[in-house]
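**Student:** Give the three-dimensional model of this entry:
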Amino acid sequence: MSLEISWYLRFHRGDTITFLVGDNAMGQVEHALYIETGWKFSASPAAEESGGLRVVMTRKNARG
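**Tutor:** Now for the predicted structure:
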């Protein structure tokens, strides 16, 4: 399975975006930052019962 996180980062107009991903997808999240370098992220356990991670991406040069 591949994630399309870099597409969301490329075309998202806001300064933050949140993804819910499986624990095994963290490498793909980090890879997206090599493609779209204007973002940073923080990850924490998701509150949902399904588990996984809540990843919040923030623009490095936020407008707000």
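
**Student:** Going by C-alpha atoms from here, please, whenever you check contacts or count neighbours.
**Tutor:** Fine.

**Student:** Which positions in stretch 52-63 come out as buried?
**Tutor:** By neighbour count on 16 or more other Cα atoms under 10 Å, the buried set for stretch 52-63 is 52, 53, 54, 55, 56, 57, 58, 59.

**Student:** can you list contacts of stretch 14-34?
**Tutor:** 2-3, 5-6, 9, 39-40, 46, 51-59, 62-64 (Cα atoms under 8 Å, 6 or more residues apart in numbering).

**Student:** Show me where the chain has its strands.
**Tutor:** For the chain, the strands defined by DSSP state E cover 16-21, 39-45, 53-59.

**Student:** Which positions within the second one qualify as buried?
**Tutor:** By neighbour count with 16+ other Cα under 10 Å, strand 39-45 contains the buried residues 39, 41, 43.

**Student:** Likewise for the shortest one?
**Tutor:** Along strand 16-21, these residues count as buried under the neighbour rule (16+ other Cα under 10 Å): 16, 20, 21.

**Student:** hmm, back to that, now distance to residue 29 and pLDDT too, for the buried residues of strand 39-45, in TSV please.
**Tutor:** As requested, these are arranged in TSV below (distance: Cα to Cα, whole Å; pLDDT from 0 to 100):
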residue	distance to residue 29	pLDDT
39	11	94
41	9	93
43	10	92
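
**Student:** between the longest helix seen in the chain and strand 53-59, how many degrees?
**Tutor:** Longest helix of the chain, by residue count under DSSP state H: helix 26-35. Angle of helix 26-35 versus strand 53-59, following axes from the mean of the first three to the mean of the last three Cα atoms, to 10 degrees, is 10 degrees.

**Student:** quick one: average pLDDT of helix 26-35?
**Tutor:** The average pLDDT within helix 26-35 is 88.
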